[in-house]
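Trainee: Below: sequence and its predicted model.
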Amino acid sequence: MANRQSWSEEEVLRAIARGEIEVRRSSRRKKTVAVSKEIDTFVLRAPARYSVESNIRSLTELFNRLAARDHSSAADLVEIAEEMNRRYFAGRLSPSSIRWVTNQNISRWASTTTSTGDIRISHRLQAVPRWVLETVVVHELVHLQIGPHSKEFHDLANRHPRQSDAQLYLAGFSDGERYCRGG
């Protein structure tokens, strides 16, 4: 699904009919709805008796709020990598590919294959603020030049001014995920 800037009520209904928005109903959910994005599909979590049609106006507003802060398309990821490469490395560290993946180990946010220049970013990071994603991309770009986490590696990765803030954010994010899994 293409990245959207805004939705109309009709577009939300059509996207549900086409499966671009998956409605997951739960008898355990009583009142609230939640919207998230999983790779290229939006997910609407709703109570079992929730009527999409009766609540289309508020749903459309919810999807428009999500779209306004969305940076999760494949094209967005490429754009962020190109921007970070220009800003911090003068265009020297270009990956051969960068993409969202769902198979990252739960303790890993991203990985780089230095021999091929492929960067894989966990889909779990689609929910984080852009500045956090930028720091992860910068970290992985540095791996294109330096494999191990040496002092030289960290000096380059720390060119992003919020690298230490992002480490704290991701530690908390990880703890939240672990808590939700019951671990």
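Mentor: Cool, the structure landed.
Trainee: Give me the distance between residue 150 and residue 130.
Mentor: Using C-beta to C-beta, to the nearest Å, residue 150 is found at 28 Å from residue 130. Placement of C-beta: from N, CA and C, glycine included.
Trainee: actually residue 47, sorry about that
Mentor: For residue 47 relative to residue 130 (C-beta to C-beta), the value is 31 Å.
Trainee: Name the residue in those two with the higher neighbour count.
Mentor: Just comparing residue 47 and residue 130: by other C-beta atoms under 10 Å the higher neighbour count belongs to residue 47, 15 against 12.
Trainee: Look up how far residue 80 lies from the nearest residue to the more buried one once chain neighbours are set aside.
Mentor: For residue 47, ignoring the flanking residues on the chain, the nearest one in space by C-beta to C-beta, 6 or more residues apart in numbering is residue 29 at 4.7 Å. Applying C-beta to C-beta, the value for residue 29 to residue 80 is 33 Å.
Trainee: helix or strand right after the helix or strand bottoming out on mean pLDDT in the chain?
Mentor: One helix or strand of the chain scores below all others by mean pLDDT, DSSP states H and E: strand 34-38, with a mean of 79. The helix or strand immediately downstream of strand 34-38 is strand 41-47, counting by DSSP states H and E.
Trainee: can you give me how far the helix ranked longest in the chain is from the chain middle?
Mentor: Of all segments of type helix in the chain, defined using DSSP state H, the longest is helix 163-180. Centroid separation between helix 163-180 and its chain, computed with C-alpha atoms, centre = their mean, to the nearest Å, is 14 Å.
Trainee: list the helices and strands that helix packs on?
Mentor: helix 130-143 (3 or more C-beta pairs under 8 Å, 6 or more residues apart in numbering; DSSP states H and E).
Trainee: Could I get the buried residue list for the helix it packs on?
Mentor: Within helix 130-143, the residues that count as buried by 16 or more other C-beta atoms under 10 Å are 132-143.
Trainee: Save those residues as CSV, and put in pLDDT too.
Mentor: Formatted as CSV, the buried residues of helix 130-143 follow (pLDDT from 0 to 100):
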residue, pLDDT
132, 95
133, 95
134, 96
135, 97
136, 97
137, 97
138, 98
139, 98
140, 97
141, 98
142, 98
143, 97
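Trainee: so which pair among these is furthest apart in space?
Mentor: Within the buried residues of helix 130-143, 132 and 143 form the most distant pair, 17.6 Å apart (C-beta to C-beta).
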